[in-house]
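Enquirer: Predicted model, plus sequence, below.
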Protein chains: 2
Amino acid sequence: MNPDNFMLEAFKEAEKALSINEVPIGAIIEKDGIILGRGHNKTETAKDPTAHAEMIAIREAAQKLGGWRLLGCRMYVTTEPCSMCAGAIVLARIEKVFIGTPDPKTGACGSLMNILQDERLNHSVQIETGIMQQQCEKLMKSFFQKLRKKKSEENSI
Amino acid sequence: MNPDNFMLEAFKEAEKALSINEVPIGAIIEKDGIILGRGHNKTETAKDPTAHAEMIAIREAAQKLGGWRLLGCRMYVTTEPCSMCAGAIVLARIEKVFIGTPDPKTGACGSLMNILQDERLNHSVQIETGIMQQQCEKLMKSFFQKLRKKKSEENSI
């Protein structure tokens, strides 16, 4: 299975977040080629600091599987997960995470720290970074550029 | 305000978790002396790896406040939060966390790592550990002792 196919689905989720003015991040959970969970960031819309794409996808997949252990599952996420989401990925026993683009500011899967592969924890997660990286990076950069421009215009009024 | 009063409420939540055979951890979110969120661990019952006490309390408080920023809020939690919950506490901009007992195996607020006070993140959280420590520690130890005994009996059949 080509990881690009599933990352494309995660990217579509990120575009959904963009369409509601949320930080454009999307995530998919897949097992044996079947998508079990989808999510896009909606912290503002849901008024919920935990409503990251990865958390929503994990919770949906757990409901589908009927338990909290997502054994044999893989996550595809457009931007490197933060420490909350990385912690949840370890707790859920996800097998592998495919990442679109790194997040040097808050990424907890190799950038600031690496919670997915901390040998002191009882589960380790494989990581592959750089799937559809250009598109994922462009989506994020373009969102934050527009946000900065909007804030700058507001401040100059 | 005496932190013991609020930790007692978190402890009552932990006892609720114990009563349904979940790892006995409870959490409270308080602002200006008013409890805005309560939660107890229910990962097994809810079939949800993210259903930790802290996450449930944070989500409830955010709904009550009508937004994801829990400014001026304090958390009281019976056991040191893991990396998922510590990440959520930082994302929610919680002011201070009162901890019952440290968790040397998965604690991410000073034990394995300290996500609450990582200067590279855009928010830092005050920490006070050791509130009702003996009771909180005893509750956890007793739960895991019983669990080990049960598993040992099952294996000997």
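Expert: Right, received. Where do you want to start? Only a predicted model underlies this, so the values are computations on that prediction, with no experimental measurement involved.

Enquirer: gap between A:Ile94 and chain B?
Expert: 9 Å (CB to the nearest CB, to the nearest Å). C-betas here are computed from N, CA, C, even on glycine.

Enquirer: how would you label that residue: helix, strand or coil?
Expert: Secondary structure, DSSP: H, G, I helix; E, B strand; the rest coil: A:Ile94 is coil.

Enquirer: Ok, A:Gln135 next?
Expert: With three-state DSSP as the basis, A:Gln135 sits in helix.

Enquirer: ok, which residues in chain A are in contact with chain B?
Expert: A:43-44, A:47-51, A:55, A:58-59, A:62-63, A:66-70, A:82-88, A:90-93, A:105-106, A:108, A:112-113, A:115, A:118, A:120-121 (CB under 8 Å from any CB of the partner chain).

Enquirer: Taking those residues, please make a PyMOL selection of just the buried ones.
Expert: Remark: buried members of the residues of chain A next to chain B, expressed as a PyMOL selection using 16 or more other CB atoms under 10 Å in any protein chain shown:
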select buried, chain A and resi 43+47+48+49+50+51+55+58+59+62+68+69+70+82+83+84+85+86+87+88+90+91+92+93+106+108+112+113+115+118+121
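
Enquirer: Spatially central residue in chain A, please.
Expert: In chain A, the centroid-proximal residue (CA atoms, centre = their mean) is A:Val77; its distance is 3.8 Å.

Enquirer: Isn't it up against A:Pro24?
Expert: No. Using CB atoms under 8 Å, A:Val77 is not in contact with A:Pro24, being 11.9 Å away.

Enquirer: picking up where we left off before, and the residue nearest to the centre of chain A, helix, strand or coil?
Expert: strand.

Enquirer: how far away is it from B:Val90?
Expert: Distance, A:Val77 to B:Val90, using CB to CB, to the nearest Å: 19 Å.

Enquirer: swap in A:Glu30?
Expert: Remark: distance between A:Glu30 and B:Val90 (CB to CB) = 29 Å.

Enquirer: Contact partners for the residue lying closest to A:Lys64 once chain neighbours are set aside?
Expert: Nearest non-adjacent residue to A:Lys64, counting by CB to CB, 6 or more residues apart in numbering or on different chains: A:Leu36, 4.8 Å away. The contact partners of A:Leu36, by CB atoms under 8 Å, 6 or more residues apart in numbering or on different chains, come to A:Ile29, A:Glu30, A:Glu60, A:Ala61, A:Lys64, A:Leu65, A:Leu70, A:Cys73.
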